[in-house]
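In: Any chance you can model this:
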Amino acid sequence: MADEGDTREQALRQLPLPYSLALRLRDAGVARDVVCEYLSIEESALDGLYRIAEAKLAAVSAAKAGA
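Out: Below is the predicted model of the structure:
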C-alpha cells in the first residue's frame, strides 16, 4: 500500500505544472521571492496561488481516494 508521501507525490504529478512547482518549492523551503521568480508572478499573488494549488491537490487526492 502507498504511504502518504507516495500518495501526495502521485497527486502532485497530476496538477498543472505551475501549481505543482509552487507546492514543491514551498515544501522544500525555497524563499518566497525565489518561488515568485520561478513562476513569473508577483509576490502579492503567491498566497492565492498556494490556495488554488492546495485546493486542486485536495480535489485530485479526493478523486483518487474515491476511485
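In: rest of the way, CA atoms for contacts and neighbours
Out: Will do.
In: State the three-state secondary structure for V30.
Out: coil (DSSP: H, G, I helix; E, B strand; the rest coil).
In: if I pick it, what's in contact with it?
Out: Residues counted as contacts of V30 (C-alpha atoms under 8 Å, 6 or more residues apart in numbering): none.
In: Tell me who's in contact with the most centrally placed residue in the chain.
Out: When C-alpha atoms, centre = their mean is applied to the chain, the residue found nearest the centroid is L23 (3.2 Å). Counting by C-alpha under 8 Å, 6+ apart, L23 touches Y50, A53, E54.
In: Closest one to L17 out of the residues you listed, please.
Out: A53 (10.1 Å; C-alpha to C-alpha).
In: Looks like the closest one contacts S20 (just checking).
Out: Yes - contact criterion C-alpha atoms under 8 Å: A53 and S20 qualify, at 7.1 Å.
In: what residues does the host helix or strand of A59 touch?
Out: Using DSSP states H and E, A59 sits within helix 46-66. Applying C-alpha under 8 Å, 6+ apart, the external contacts of helix 46-66 come out as T7, R8, A11, L12, Q14, L15, Y19, S20, A22, L23, R32, C36.
In: So which helix or strand of the protein has the lowest pLDDT on average?
Out: Counting by mean pLDDT, DSSP states H and E, the chain has its least confident helix or strand at helix 4-14, which shows a mean of 88.
In: Next, the buried residues of that one.
Out: Under the neighbour-count criterion of 16 or more other C-alpha atoms under 10 Å, helix 4-14 has Q10, A11, L12 buried.
In: Now do the same contact list for the last one.
Out: Spelled out, it's L12. L12 touches S20, L57, counting by C-alpha under 8 Å, 6+ apart.
In: on that earlier part again, take the contacts of helix 46-66 and lay them out in a markdown table including distance to A45.
Out: Listed next are those as a markdown table, based on distance: C-alpha to C-alpha, whole Å:
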| residue | distance to A45 |
| --- | --- |
| T7 | 28 |
| R8 | 24 |
| A11 | 23 |
| L12 | 20 |
| Q14 | 22 |
| L15 | 18 |
| Y19 | 13 |
| S20 | 16 |
| A22 | 12 |
| L23 | 14 |
| R32 | 11 |
| C36 | 9 |
